[in-house]
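Colleague: got a structure for you, letters missing:
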């Protein structure tokens, strides 16, 4: 029995983290000839370092550290960790923006796993076209391969108008052109690529063009953030999974006329906050998502 | 017909045509223009009162940074660029209250920068 099966069985038996969500294409074609290993990664999102608002999170200066400790305490060391944007809370002061980004980087430097990928959110990047973020974290658009899965990070926030933009779409097209139509592809983005709630700024203005480029590929899954809650959606055969925040939750899409945060509940501190582990079953192009809460240290 | 008389006749026809065109232009209902200022982090005014079926032009300016106006219920949006006047034409086809918001991330208060279009019969 290999480690990934051990891990999956362990997660199921232990019921760790609460809800487990399975996503993928059951019974899809196998990848003949390629050696595939299942693996595990962790997604954290919307940490908003620098946010102040006791009514929403009286532990705004301690929640990120608790999440780092919780990831370090996982029973299985993930292959890598990804932060899908809004690492910091926005500020109009460029100096303060850099200070927050640097503090965030220092705190997550406490992660035992050193294979950490970062992405910007609009709070980090929209006021200076990603300049400060890139100074500290490097390119905001990139791709990499891991154990048979092709990962693509799409920046839909550095443009204040929530556009991916033609140059990046052209890059995406050329990156995808090197993949088989049966390739296992995972896209990381901050905003949803589809129109979840455009009137709540929960959309990417040219996201439909990205989805159109991805559509010919049979095994595509998107992990994103931005909406501060777990949400699952299909555009055709492409699954989109949003992650919880690590600062405050937002209300469910369309549940009220206007978007608003969910107030802190002192009887259930950290409710609605968390991160997720993703168990990638490469052969099946399936992703088992386990949601982990943040708890008091 | 002498050349001079022909010119006078042609000018007369042109004048008549021009008068008819001018009358047609004047006969069209003039669109009401509503001027709105976008500034960090509000629209002034933040409530726009309209009549159902009455076409209006919304004119936007900003002295701050790039902002946006988006009224998804009417499928109209525009960038609001500093130093320029942005215009959208709108003819509400239903009554009610409809939200609009800034859709270019403009700063710390961006997420609450919104307003309401109130359409009455």
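Modeller: Nice, thanks for sending it over. Just so it is clear, the model here is predicted, and its values are computed rather than measured. Residues are numbered from 1 along each chain as shown, chains lettered A, B, ... in the order given.

Colleague: Now do the SS call for the residue in chain B that chain A sits nearest to.
Modeller: Relative to chain A, the nearest point of chain B is residue B:105 (3.6 Å; Cβ to the nearest Cβ). Yep, even glycine has a C-beta here, placed from its N, CA and C like the rest. Following DSSP: H, G, I helix; E, B strand; the rest coil, the label given to residue B:105 is coil.

Colleague: could you pull out the helices for chain B?
Modeller: Using DSSP state H, the helices found in chain B span residues B:3-27.

Colleague: low-scoring pLDDT stretches of it, where are they?
Modeller: For chain B, applying pLDDT under 70 flags the ranges B:1-29.

Colleague: Strands along that one, start to end?
Modeller: Ranges of strands in chain B, per DSSP state E, are B:32-39, B:42-44, B:47-51, B:56-62, B:67-71, B:76-80, B:86-90, B:96-101, B:114-120.

Colleague: Give me the nearest residue to the residue of chain B closest to chain A, chain neighbours excluded.
Modeller: Excluding the flanking residues, the one nearest residue B:105 by Cβ to Cβ, 6 or more residues apart in numbering or on different chains is residue A:126, at 3.6 Å.

Colleague: I'd say the one you found and residue A:159 touch.
Modeller: Yes. Counting by Cβ atoms under 8 Å, residue A:126 does reach residue A:159; the two are 7.5 Å apart.

Colleague: related to what we said a few turns ago, any idea which of the strands of chain B gets closest to residue A:291?
Modeller: Taking Cβ to Cβ, strand B:96-101 is the member of these nearest to residue A:291, at 30.2 Å.

Colleague: Show me what the closest one is packed up against.
Modeller: Of the remaining helices and strands, those touching strand B:96-101 by 3 or more Cβ pairs under 8 Å, 6 or more residues apart in numbering or on different chains; DSSP states H and E are strand B:67-71, strand B:114-120.

Colleague: hey, which of these is tucked in deepest?
Modeller: Most buried of those, by mean neighbour count (mean count of other Cβ atoms under 10 Å in any protein chain shown): strand B:67-71, with a mean of 24.

Colleague: which residues touch the residue of chain B closest to chain A?
Modeller: Residues in contact with residue B:105, defined by Cβ atoms under 8 Å, 6 or more residues apart in numbering or on different chains, are A:90, A:122, A:126, A:127, A:157, A:160, A:161, A:162.

Colleague: for residue A:48, same thing?
Modeller: Residue A:48 is in contact with A:60, A:86, A:87, A:88, A:89, A:123, A:245, A:246, A:247, A:248, counting by Cβ under 8 Å, 6+ apart.

Colleague: Do you know the pLDDT at the fifth one?
Modeller: Looking at residue A:89, its pLDDT is 98.

Colleague: Now do it: how many residues are near it, please.
Modeller: Neighbour count of residue A:89, defined by other Cβ atoms under 10 Å in any protein chain shown: 21.

Colleague: That one contacts residue A:100, doesn't it?
Modeller: Yes. Assessed by Cβ under 8 Å, residue A:89 is found in contact with residue A:100 at 7.1 Å.

Colleague: so what's in contact with these two at the same time?
Modeller: Residues touching both residue A:89 and residue A:100 by Cβ under 8 Å, 6+ apart: A:49, A:50.

Colleague: Helix, strand, or coil at residue A:103?
Modeller: helix.

Colleague: same question, the one 10 residues further on
Modeller: What three-state DSSP gives for residue A:113 is coil.

Colleague: so how far is residue A:158 from the residue of chain B closest to chain A?
Modeller: 10 Å (Cβ to Cβ, to the nearest Å).

Colleague: and for the two, which residues touch both?
Modeller: What both residue B:105 and residue A:158 touch, as defined by Cβ under 8 Å, 6+ apart, is the set residue A:126.

Colleague: Do a quick rundown of the helices in the stretch 51-200 of chain A.
Modeller: In the stretch 51-200 of chain A, the helices defined using DSSP state H, counting those that start in this stretch lie at A:63-72, A:94-108, A:122-125, A:131-137, A:166-177.
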